[in-house]
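> Sequence and predicted structure below; questions after.
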Amino acid sequence: DQQVKQNSPSLSVQEGRISILNCDYTNSMFDYFLWYKKYPAEGPTFLISISSIKDKNEDGRFTVFLNKSAKHLSLHIVPSQPGDSAVYFCAPLTQGGSEKLVFGKGTKLTVNP
Amino acid sequence: NAGVMQNPRHLVRRRGQEARLRCSPMKGHSHVYWYRQLPEEGLKFMVYLQKENIIDESGMPKERFSAEFPKEGPSILRIQQVVRGDSAAYFCASSSKTEAFFGQGTRLTVV
């Protein structure tokens, strides 16, 4: 079941630069797209979401872009900080509740001081 | 995500014993998910439940694992006759139509 793909297992950026994390999906019925950050030994923490009727949502240093025609979304973090180092997961959600919440395999972001 | 409560946080069981993991969803959330994370791996979906109903259990091992979400009380993930390979972090999430939050997980160690 590969409804969600995060093709980059890891990403390393310099502090202050932009981090771009990508996510591709296959099911056009998803209504919301959620991003989570996960530190080792902790539960995933909700970061930001975007509705399928929008193409951009911004919250502080975090911006998520959605390209529905390409079935692609990306999370931009700018400026990146060392505390952003974590594994990032994208997860689409169907409003009707009939589809399970599926996750990509995650991208491990390392922000170097 | 502090609203989703999982207990215990750590659980040690001997091989052959039963493990019971509990998850209390956030207030107002009617759906619960269970995930397993093995060392060096991502979150693997196990089961998706609504109150008194299993919606999708395609990620559950065929034997020894079961889950329930009763009308009253927390969701329970039950693992019978645990083996060393069951050692992992088990995460629960609860969702509404537009959001989903995770608990801090239960780390199961089978000795």
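Received the coordinates, thanks. Note that the structure is a prediction, hence the values are computed from the model and not measured.
> Any idea how many residues pack against A:Ser12?
The tally of other residues near A:Ser12 (other Cβ atoms under 10 Å in any protein chain shown) stands at 11. All C-beta spots, glycine's among them, are computed from the backbone N, C-alpha and C.
> does it count as helix, strand or coil?
Taken by DSSP: H, G, I helix; E, B strand; the rest coil, the conformation at A:Ser12 corresponds to strand.
> Read off the pLDDT value for it.
We have a pLDDT of 97 for A:Ser12.
> Quickly list what it is bridged to.
Assessed by DSSP bridges, A:Ser12 has beta-bridge partners A:Thr110.
> Centre of the chain to the worst-scoring helix or strand of chain A on mean pLDDT, how far?
Lowest on mean pLDDT, DSSP states H and E among the helices and strands of chain A sits strand A:4-5, with a mean of 88. Distance, stretch centre to chain centre, for strand A:4-5: 10 Å (Cα atoms, centre = their mean, to the nearest Å).
> How about it and chain B, any contact?
No - using Cβ under 8 Å from any Cβ of the partner chain, strand A:4-5 never reaches chain B; the gap is at least 10.5 Å.
> other SSEs contacting that strand?
strand A:19-25, strand A:86-93 (3 or more Cβ pairs under 8 Å, 6 or more residues apart in numbering or on different chains; DSSP states H and E).
> Let me have those in CSV, adding mean neighbour count as columns.
Formatted as CSV, the helices and strands packed on strand A:4-5 follow (neighbours: other Cβ atoms under 10 Å in any protein chain shown):
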stretch, mean neighbour count
strand A:19-25, 21
strand A:86-93, 24
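> Chain A: strands as residue ranges?
Here chain A has its strands, by DSSP state E, at A:4-5, A:10-14, A:19-25, A:32-38, A:45-51, A:56-59, A:62-67, A:72-77, A:86-93, A:107-112.
> Poorly predicted segments of chain B, please.
B:1-2 (pLDDT under 70).
> What separation do you get for the residue lying farthest from the centre of it and chain A?
For chain B, the residue at maximal distance from the C-alpha centroid (Cα atoms, centre = their mean) is B:Thr98, at 20.9 Å. For B:Thr98, the distance to chain A (Cβ to the nearest Cβ, to the nearest Å) stands at 6 Å.
> try B:Gly59
From B:Gly59 over to chain A the distance is 8 Å, taken as Cβ to the nearest Cβ.
> With mean pLDDT and distance to chain B added, can I get the helices and strands packed on strand A:4-5 in CSV?
What follows is the helices and strands packed on strand A:4-5, written out as CSV (pLDDT from 0 to 100; distance: least, Cβ to the nearest Cβ, whole Å):
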stretch, mean pLDDT, distance to chain B
strand A:19-25, 95, 13
strand A:86-93, 91, 6
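> Which of those sits closest to A:Ala70?
strand A:19-25 (8.0 Å; Cβ to Cβ).
> Close to chain A: what parts of chain B are there?
Close to chain A, as judged by Cβ under 8 Å from any Cβ, chain B has residues B:1, B:4, B:6, B:30-31, B:33, B:35, B:42-43, B:45, B:48, B:50, B:55-56, B:58, B:89, B:91, B:93, B:95, B:97-105, B:107.
> Repeat the analysis, applying 10 Å as the threshold.
B:1-2, B:4, B:6, B:30-31, B:33, B:35, B:37, B:41-48, B:50, B:55-59, B:89, B:91-93, B:95-105, B:107 (Cβ under 10 Å from any Cβ of the partner chain).
> Now the buried members of the residues you listed.
B:1, B:4, B:6, B:31, B:33, B:35, B:37, B:42-43, B:45-48, B:55-57, B:59, B:89, B:91-93, B:95-96, B:100-105, B:107 (16 or more other Cβ atoms under 10 Å in any protein chain shown).
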